[in-house]
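# Generate a structure from the sequence data that follows.
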Amino acid sequence: MKDDAVNSWSERITALGNAFATAHKQLRKLSADPFEVVGCFNSVRQVLQDVGIDHNKALDALLPALESECIRLQAEFWGLLTQACGSRGWEVVGSTNRRMIKKAVFVSLEGNSVKMEGAPGPCTPFVPSFMPMLARVLEEAEASEPELKTFLGVLAKAYDVLPRSGSECSLEAVYRHCLLESQKPNFWRAPSPTSFVVLSRPAFRYRISEILRLGLVTSDSRAVALGTTTMSKDSWEIYSPGEQRVVIAGRFSLTRMGGDSGH
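Here you go, the predicted structure:
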């Protein structure tokens, strides 16, 4: 019986020690992001409560201030993001909780969760932490004018081989064919994730918008034209430089400068 009592106290002391060690480790590595700090505090509170420690007065005193800061940052997210993007020359288009950054990527705010195309998962509305992730996605999407001219050749190849209704073909089909055309010959001989050339949807969207803005034409003087579609699965949201707003496009064509379409 004595050994059982010793073992019981030993297990409880070990559990307490482990709980304090976990709490100490988490609290020593706090993020600058108050949303993450609130999550950390709640995790620590749960760890301590699991071993019978219910009175976390120090944490209870700090939480209201942290939660208030989170509410402020969530309310001011778009203003702070627009300011941060503006300092880098990135245009923010839209006025709702879903906006386009630099004619390439859509960002949405849902409660205290921010979602972005090309990101592995949601993040918090803490702009200093969000900006590096946004920069990485935009870096992959951007293209120089020479790169845009090369891409326009890829668009022409896709357009010329895809089935068309009149002069138009599916914009979604063009994207998928461009993705295939972007692969190097070695990829098809020995396909592997490391040799796969990524053409993200933000990158495709950005390239179409920039080709339209710059008025680039193919080597045989054909210009990109977009049309609408009733097929929602084929629709794209693309920034139209001519209309200076985001439009819904689903059809793609190359039109000769003289007015004739296709070949």
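
# From here on, just use CA atoms for contacts and neighbour counts.
OK.

# can you give me the strands for the stretch 151-263 of the chain?
Using DSSP state E, counting those that start in this stretch, the strands of the stretch 151-263 of the chain run over residues 169-170, 222-227, 236-240, 245-249, 251-256.

# quick one: strands adjacent to the fourth one?
Strand 245-249 has the following sheet partners, assigned by DSSP bridges: strand 236-240 (antiparallel).

# Off-centre distance for the strand it pairs with?
Relative to its parent chain, strand 236-240 has a centroid offset of 16 Å by CA atoms, centre = their mean, to the nearest Å.

# May I see the strands of the stretch 151-263 of the chain organised as TSV, with distance to Ser113 and mean neighbour count added?
Formatted as TSV, these follow (distance: least, CA to CA, whole Å; neighbours: other CA atoms under 10 Å):
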stretch	distance to Ser113	mean neighbour count
strand 169-170	33	24
strand 222-227	33	19
strand 236-240	22	21
strand 245-249	23	18
strand 251-256	33	22
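
# can you put the ones you listed in a markdown table and add mean pLDDT and distance to Ala135?
Converted to a markdown table, the strands of the stretch 151-263 of the chain look like this (pLDDT from 0 to 100; distance: least, CA to CA, whole Å):
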| stretch | mean pLDDT | distance to Ala135 |
| --- | --- | --- |
| strand 169-170 | 92 | 30 |
| strand 222-227 | 94 | 28 |
| strand 236-240 | 94 | 19 |
| strand 245-249 | 93 | 21 |
| strand 251-256 | 92 | 29 |
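
# how about those strands in TSV, adding distance to Thr82?
Output for the strands of the stretch 151-263 of the chain, formatted as TSV (distance: least, CA to CA, whole Å):
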stretch	distance to Thr82
strand 169-170	33
strand 222-227	28
strand 236-240	17
strand 245-249	17
strand 251-256	31
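
# To Gly118, which of the ones you listed lies closest?
Minimum separation from Gly118 across the strands of the stretch 151-263 of the chain (CA to CA) falls at strand 236-240, 15.5 Å.

# how about Gly94, phi and psi?
Gly94 has phi and psi values of phi 120, psi 170 when expressed as degrees, to the nearest 10.

# Quickly note the distance from the residue nearest to it when sequence neighbours are not counted to Arg136.
Leaving aside its sequence neighbours, Gly94 sits nearest to Met100 (CA to CA, 6 or more residues apart in numbering; 6.6 Å). Separation of Met100 from Arg136 (CA to CA, to the nearest Å): 15 Å.

# So between those two, which is more surrounded?
Using other CA atoms under 10 Å, the more surrounded residue of Met100 and Arg136 is Met100, with 23 against 12.
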